[in-house]
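Structure for this input, please:
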Amino acid sequence: MKKAFILVFIMAVISNMSYSQMGIPKAQAMFIFNFCRLIEWPASYRTGTFKIAVLGTSAVADELEVYTQGKKIGSQEIQIIRFKSPEEINSCHILFVPFARSKQLTEISSACNSAGKSILIITEKNGALNEGSAINFIIQEDKLKFELKGENASKYGIKVSSKLQEMAMMGA
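Next comes the predicted model:
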C-alpha cells in the first residue's frame with residue numbers, strides 16, 4: 001500500500017513538470033519505468049528478464065538505459081532492446097514506438113496481436129490509441145501527460161491497474 005502511494009505521488013510530480021524542465025525523452029523514460037510497476041503481465045512474462053524495447057532510433061532508449069540501470073521490476077532484471085524494424089520485434093514487455101516510426105503502428109500492432117504476444121505498445125502520436133497503442137504520450141499546457149486505452153492492453157492479456165487509469169487522460 002505504501003509503495004503504491006509513493007509511486008502515485010512520483011507519477012503525479014512527474015506529470016506536473018514542464019517537459020522543458022527535464023527534457024521529453026528523460027521524462028518519457030521515467031514514465032515508462034513507472035508504468036511497469038502499475039501493470040500486470042501474464043504469468044509467463046513474470047520470470048526472466050524484463051524487456052523494454054524501442055523501435056528505431058530514439059533518445060528515449062538512451063534515457064531508459066540510464067534511468068533503469070541497477071533497477072528491477074519485481075525480481076526481474078531490466079534489459080533495454082533496440083529494434084531496427086518491425087520484423088525484428090520479438091518477445092518484450094513494452095514496445096515504445098517513437099513518432100518517427102508511427103506510420104508503421106498498424107503493422108506493428110497487427111504483428112503483436114497475430115503472434116499472441118503480450119506487448120504493451122507505447123507511442124507519442126495523436127490518434128495512436130485508435131491504431132493499437134495502449135498508452136500515448138501527449139504534450140498539454142507545456143506538460144508531458146499520457147492517455148490510455150485499457151482495451152488495447154487487455155487484448156494482449158495485460159492488466160492495467162486502476163491507479164494508472166486514474167492518472168491517465170482517458171483516450172478515445
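
now the longest strand belonging to the chain, how far from the centre of its chain.
In the chain, with assignment by DSSP state E, the single longest strand is strand 76-83. Distance of strand 76-83 from its chain centroid, counting by CA atoms, centre = their mean, to the nearest Å, is 13 Å.

And it, what's buried?
76, 78, 80-81, 83 (16 or more other CB atoms under 10 Å). The way it works is simple: take the backbone N, C-alpha and C, and place the C-beta from them, glycine included.

can you check stretch 151-163 too?
Under 16+ other CB under 10 Å, the buried positions of stretch 151-163 are 152-153, 156-158, 160-161.

circling back to that earlier point, please put the alpha-carbon coordinates of the longest strand of the chain into PDB.
C-alpha atoms of strand 76-83 as PDB (Å, rounded to 0.1, in the frame of the first residue of the first chain):
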ATOM      1  CA  GLN A  76      13.200  -9.200 -12.800                       C
ATOM      2  CA  GLU A  77      16.400  -7.500 -14.200                       C
ATOM      3  CA  ILE A  78      15.700  -4.900 -16.800                       C
ATOM      4  CA  GLN A  79      17.100  -5.000 -20.400                       C
ATOM      5  CA  ILE A  80      16.700  -2.200 -22.900                       C
ATOM      6  CA  ILE A  81      16.400  -3.500 -26.500                       C
ATOM      7  CA  ARG A  82      16.500  -1.500 -29.800                       C
ATOM      8  CA  PHE A  83      14.700  -3.000 -32.800                       C
END
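
Could you identify the helix or strand that succeeds it?
Sequence-wise, the next helix or strand downstream of strand 76-83 (DSSP states H and E) is strand 94-97.

My read is that Lys26 contacts Leu64, right?
No: with contact defined as CB atoms under 8 Å, Lys26 does not count as touching Leu64 (9.6 Å).

Quick check on those two: which one has the bigger neighbour count.
Leu64 (27 against 20; other CB atoms under 10 Å).

contacting residues for the more buried one?
29, 32-33, 52, 54, 80, 96 (CB atoms under 8 Å, 6 or more residues apart in numbering).

Would you check how far apart it and Gly157 are?
From Leu64 across to Gly157, the span is 23 Å (CB to CB, to the nearest Å).
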